[in-house]
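Q: Okay, predicted coordinates and the sequence, questions at the end:
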Amino acid sequence: MSLSQPKMSVAELKERHLAATDTLNNLKQRLNHTRRSLLDTDLAGYARSQGKSPVTFGPTDLVCCRTLQGHTGKVYSLDWTSERNRIVSASQDGRLIVWNALTRQKIHAIKLPCAWVMATAFSPTGQSITCGGLDSVCSIFNLNSATDKDGNLPVSRTLCGHKGYISSCQYVPDEDTHLITGSGDQTCVLWDITTGLKTSVFGGEFQSGHTADVLSISINESNSRMFASGSCDTTARLWDTRMASRAVRTFHGHEGDVNSVKLFPDGNRFGTGSEDGTCRLFDIRTGHQLQVYCQKHSDNETPPVTSITFSISGRLLFAGYTNGDCYVWDTLLAKVVLNLGSLQDSHEGRISCLGLAADGSALCTGSWDTNLKIWAFGGHRRMI
Amino acid sequence: MQSSGPESASPITNRVQSLSSAETRGKHRVHAEVKRLEQEARFLEEELEQLERMDKASAPCKETLSNVETRPDPLLPTTIGPLNPSWDRWFEGPQESKGCRCWIL
């Protein structure tokens, strides 16, 4: 079968390509300029103008109240259940562990078919967990199923189809039947777990999307049709699961890989953490970058941000860095109000993942030192 | 040059044909890339039009401030109520850090 010939000559095509590139660059510049003109303030400037002062912690307010020991390799990913106190963690040791964070007990220890796991998540009911990594597939485990003769939980479903590693995964809230993955193949996929098939592919060869590996995704709890993704192409994108053909919006600003994205608790904003050492807060409706969170560390460096999450009100932004710091930012005033990495009982290595308990009462950090730690407020609480 | 079937074509004819196919595939790639760029430009034009009518940043900043301050937060020293006693479960009972230390072999 022969290819049909395009009508243009090579020279005409090249000219059209040049013209299209010029038009695009011109539009990008105009967009940048118009956006900048609309940034009459940032969040910190606005909060200061309203007389807000930074959150202040006493020396024993936020403390490490549990250390979960058991992995024999770096911890790469963790997720809390949406109720009770369980956490699932994934490690370089090729295992998932399901913990009762309150008692520190290990409820399940799952030896994975592929040891190179990078991401894990709990299902909304807490009855299943999923994980994925360099094998490019998402494995689902039903925690209620019987173990095999070796004492291992069998894989109950495998989601195949990505052409690159799975960097992140999250179940769609309120249903154990769908999940979203982000991948090194530059796409995000919405899966139907019941059939094992892809419902939608976001980006990729035939559609507009990320132009480099997707490193992180975060689904909007208030509107589960919406999710954000972060990528090595330095952008974050917002997607509507009903429209896979293109992102709703692309957010520029970072100067390095976007390693972590997290929807803000009110569902109208999202945060990002990047290789460029900064975190940013973006507004979904307007597309504006509301705040940059950047501070040099004690060694005068700005190490990459590995992961972020917000406290349940959004007032605190937790950011883990490659140098072992875990800054607690006052989101409104863009000030670092605490460094969990400098507290007693802090991790001895990079913090690779973070997650907030469902009721917001505790933060879990996972580290390359093989441990997970639980942090909670043990001081005197004042009610307004 | 003869233009018989591929089985009887000379190596030189094959090479010329494959070069021409490579050129055609190259043109298709550039064509697809041009289409992608032009579509991207249309998206950006739409975004520019939306921006003309968009609120300034102070509007979402005000909204953010308001939303943050109306939600009880167990990790803040000062927060609006109601406070929930279960937030303090992490400090109830024995907290000694040597819990289950079994190593997964």
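A: Happy to help now that I have it.
Q: quick check: longest helix of chain B.
A: helix B:11-52 (DSSP state H).
Q: Then chain A?
A: Every helix in chain A considered (DSSP H), the longest is helix A:10-38.
Q: Tell me the buried residues in the helix or strand following it?
A: Next along the chain after helix A:10-38, taking DSSP states H and E as the criterion, comes helix A:43-49. Residues of helix A:43-49 classed as buried by neighbour count (16 or more other CB atoms under 10 Å in any protein chain shown): A:43-48. Bear in mind the C-beta positions are built from the backbone N, C-alpha and C, glycine included.
Q: other SSEs contacting the longest helix of chain B?
A: helix A:10-38 (3 or more CB pairs under 8 Å, 6 or more residues apart in numbering or on different chains; DSSP states H and E).
Q: right, quick check: the helix it packs on against chain B, any contact?
A: Yes: with CB under 8 Å from any CB of the partner chain as the criterion, chain B is reached by helix A:10-38 at A:10, A:13-14, A:16-17, A:20-21, A:23-24, A:27-28, A:30-31, A:34-35, A:38.
Q: Over to stretch A:364-378?
A: Yes: counting by CB under 8 Å from any CB, chain B is contacted by stretch A:364-378 at A:374, A:376-378.
Q: Please apply the same query to stretch A:312-321.
A: Yes: interface with chain B: stretch A:312-321 contributes A:312-316 (CB under 8 Å from any CB).
Q: Run a quick neighbour tally on the closest residue to A:Cys364 other than its chain neighbours.
A: Spatial nearest neighbour of A:Cys364, chain neighbours left out: A:Gly355 (5.1 Å); criterion: CB to CB, 6 or more residues apart in numbering or on different chains. Using other CB atoms under 10 Å in any protein chain shown, A:Gly355 is surrounded by 24 other residues.
Q: Rebuild the residues of stretch A:364-378 next to chain B as CSV, extending it with distance to A:Thr234, neighbour count and secondary structure.
A: Output for those, formatted as CSV (distance: CB to CB, whole Å; neighbours: other CB atoms under 10 Å in any protein chain shown; DSSP: H, G, I helix; E, B strand; the rest coil):
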residue, distance to A:Thr234, neighbour count, secondary structure
A:Ile374, 33, 23, strand
A:Ala376, 35, 21, strand
A:Phe377, 35, 26, strand
A:Gly378, 39, 17, coil
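Q: Just give me the closest of those residues to chain B.
A: A:Ala376 (4.0 Å; CB to the nearest CB).
Q: picking up where we left off before, quick one: mean pLDDT over the longest helix of chain B.
A: In this model, helix B:11-52 has an average pLDDT of 81.
Q: OK, contacts around the nearest residue to A:Thr125 once chain neighbours are set aside?
A: With sequence-adjacent residues excluded and distances taken as CB to CB, 6+ apart, A:Thr125 is closest to A:Asp176, at 5.3 Å. Listed by CB atoms under 8 Å, 6 or more residues apart in numbering or on different chains, the contact set of A:Asp176 reads A:123-125, A:127-128, A:193.
Q: re the thing from before, which among the residues of helix A:10-38 next to chain B count as buried?
A: A:13, A:16-17, A:20, A:23-24, A:27, A:31, A:35, A:38.
Q: number of nearby residues for residue 55?
A: Because you didn't say which chain, this covers chain A. For A:Val55, using other CB under 10 Å, the count is 24.
Q: think we crossed wires, I meant chain B
A: Neighbour tally, B:Asp55, other CB under 10 Å: 15.
Q: these two touch, right, B:Phe91 and A:Gly378?
A: Yes: between B:Phe91 and A:Gly378 there is a contact under CB atoms under 8 Å: 5.4 Å.
Q: what residues are shared contacts of those two?
A: With CB under 8 Å, 6+ apart as the test, B:Phe91 and A:Gly378 both reach A:Cys65.
Q: mind showing which ranges of the stretch 1-150 of chain A have poor pLDDT?
A: Within the stretch 1-150 of chain A, the stretches with pLDDT under 70 are A:1-7.
Q: Which one of the residues in the stretch 1-150 of chain A is closest to chain B?
A: Closest point on the stretch 1-150 of chain A to chain B, by CB to the nearest CB, is A:Arg104, at 3.0 Å.
Q: Next, format the buried residues of helix A:43-49 as CSV and append distance to chain B.
A: Below are the buried residues of helix A:43-49 laid out as CSV (distance: CB to the nearest CB, whole Å):
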residue, distance to chain B
A:Leu43, 5
A:Ala44, 9
A:Gly45, 8
A:Tyr46, 4
A:Ala47, 6
A:Arg48, 11
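Q: What ranges does the stretch 201-350 of chain A have for its strands?
A: Secondary structure of the stretch 201-350 of chain A (DSSP state E, counting those that start in this stretch): strands at A:214-219, A:226-231, A:236-240, A:249-251, A:258-263, A:269-274, A:279-283, A:289-293, A:305-310, A:316-321, A:326-330, A:335-339.
Q: Near the closest residue to A:Ala20 other than its chain neighbours, how many other residues are there?
A: Spatial nearest neighbour of A:Ala20, excluding adjacent residues (CB to CB, 6+ apart): B:Leu37 at 3.8 Å. Close neighbours of B:Leu37, defined as other CB under 10 Å, add up to 17.
Q: what about A:Gly164, distance to A:Cys232?
A: 11 Å (CB to CB, to the nearest Å).
Q: Just want the most central residue of chain B.
A: Nearest residue to the geometric centre of chain B (CA atoms, centre = their mean): B:Glu40, 15.8 Å.
Q: which residues does that one contact?
A: A:24, A:208.
Q: The one 3 residues further on now?
A: When the contact criterion is CB under 8 Å, 6+ apart, the partners of B:Phe43 are A:208, A:246.
Q: cutoff 10 Å now
A: A:24, A:27, A:208, A:246-247, A:249-250 (CB atoms under 10 Å, 6 or more residues apart in numbering or on different chains).
Q: For these, pick the one with the most neighbours.
A: A:Ala247 (24 neighbours).
Q: now the closest residue to it other than its chain neighbours: how far from A:Lys262?
A: Once flanking residues are discounted, A:Ala247 sits nearest to A:Arg237: 3.9 Å by CB to CB, 6+ apart. Here A:Arg237 is placed at a distance of 14 Å from A:Lys262 (CB to CB).
Q: same question, A:Trp239
A: 15 Å.
Q: try A:Ile180
A: A:Ile180 is 14 Å from A:Lys262, by CB to CB.
Q: A:Gly253 is in contact with A:Cys294, isn't it?
A: No: contact between A:Gly253 and A:Cys294 fails when scored by CB atoms under 10 Å: they sit 11.4 Å apart.
Q: shared neighbours of those two, anything?
A: A:276, A:278, A:280.
Q: and which of these is nearest to chain B?
A: So of the shared contacts of A:Gly253 and A:Cys294, ranked by how close each gets to chain B (CB to the nearest CB), first place is A:Arg280, at 12.8 Å.
Q: Give me the pLDDT value at the closest one.
A: 98.
Q: need the contact list for it.
A: Applying CB under 10 Å, 6+ apart, the residues near A:Arg280 are A:236, A:251, A:253-254, A:258, A:261, A:270-274, A:289-294, A:305, A:308.
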